[in-house]
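J.: one predicted model, sequence on top.
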Amino acid sequence: MSKQNTSTAVMQRRVEPHNSRDDFPTPPWATRALCEWIALCGYDLPKLDCREPAANRGHMVKPLKEYFGDVWASDVHDYGAGFAVHDYLFGADPLGVVSWTITNPPFRLAQRFITQARNTSRHGVAVIVRSAFLEGGARYRELFKDAPPTDILQFCERVPMVKGRYDHKASTATAYSWLVWRNNDSTASTAFDWIPPGTRKRLERLSDYEVTE
């Protein structure tokens with residue numbers, strides 16, 4: 001009998017200690033793909049602001065600034081990127097309501113981040129998560145049953161995320177998707193869409209690697 005392969009790559013999961021900062025920076029091209037999609041939905045992004053409350057070293061902040069008029073970046077930990085150090089879930093909110101909140105939240109706190117963002121975002125919320133985040137009875141009862149995303153954007157290509165750095169040569173067995181809540185969408189059902197193959201090649205830029213690691 002063959003032994004089951006339980007490596008994290010094959011099992012499509014990341015194992016992090018409970019108190020981990022979950023430091024897995026988002027490749028900038030993945031954020032550009034979302035911004036293009038939001039713009040196609042009719043939002044005039046240069047006239048809107050955006051909050052990134054888990055900014056890390058700025059891998060998501062940089063592409064957000066290419067599309068939005070203002071981007072407010074913070075993180076609970078100081079990664080040396082010059083962003084405000086702020087506890088998004090439990091600290092006093094210096095901003096109030098913003099147009100959009102877009103982030104890669106710590107996996108174990110993602111549900112709380114989504115709830116907080118939906119309460120403080122005028123137009124919408126988008127979080128990039130492992131696609132497995134959609135699974136689970138407790139998460140369905142506590143979040144998706146009464147507040148399902150308006151849109152699920154599944155990456156056809158894998159989005160490599162490496163602990164502690166952005167590595168364009170990395171590979172992954174983990175599938176990722178953007179979950180979006182659009183406040184101006186009155187439909188009761190969740191729409192599913194694909195981020196097609198070739199998106200990385202089209203949206204990845206040499207300047208992405210100039211972000212401080």
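T.: In hand now; what should we look at? It should be emphasised that the depicted structure is a prediction, and the values quoted were computed from it without experimental measurement.
J.: longest strand of the chain, counting residues only.
T.: Longest strand in the chain, counting residues (DSSP state E): strand 121-130.
J.: which parts of it are buried?
T.: 121, 123-130 (16 or more other C-beta atoms under 10 Å). No exception for glycine: its C-beta is placed from N, CA and C like everyone else's.
J.: which pair of these spans the longest distance?
T.: Checked with C-beta to C-beta, the buried residues of strand 121-130 reach their widest spread between His123 and Arg130, with 25.0 Å between them.
J.: which stretches in this structure count as helices?
T.: Along the chain, the segments classed as helices by DSSP state H run 8-11, 28-40, 61-67, 110-119, 137-139, 199-203.
J.: quick one, which of those helices is nearest to Leu153?
T.: Closest among the helices of the chain, using C-beta to C-beta: helix 28-40, at 6.3 Å.
J.: orientation of that closest one relative to strand 121-130 in degrees?
T.: Helix 28-40 runs at 140 degrees relative to strand 121-130, counting by axes from the mean of the first three to the mean of the last three C-alpha atoms, to 10 degrees.
J.: show me what counts as buried in helix 28-40.
T.: Going by neighbour count (16+ other C-beta under 10 Å), the buried part of helix 28-40 is 28-35, 37-38.
J.: how about low-confidence regions in the protein?
T.: 1-22, 210-213 (pLDDT under 70).
J.: all strands of it, in order?
T.: 49-52, 70-75, 84-85, 98-103, 121-130, 151-155, 176-182, 191-195.
J.: count of residues packed around the nearest residue to Gly164 once chain neighbours are set aside?
T.: Ranked by C-beta to C-beta, 6 or more residues apart in numbering and with sequence neighbours excluded, the top spatial neighbour of Gly164 is Asp23, at 5.3 Å. Number of residues near Asp23 (other C-beta atoms under 10 Å) recorded here: 18.
J.: so which of the strands of the chain gets nearest Asp167?
T.: Going by C-beta to C-beta, the one of these nearest Asp167 is strand 176-182, 15.4 Å.
J.: quick revisit: closest to Thr115 among the buried residues of strand 121-130?
T.: When those are compared for distance to Thr115 (C-beta to C-beta), Val125 wins out at 9.6 Å.
J.: burial check on Trp181, number of neighbours?
T.: Using other C-beta under 10 Å, Trp181 is surrounded by 21 other residues.
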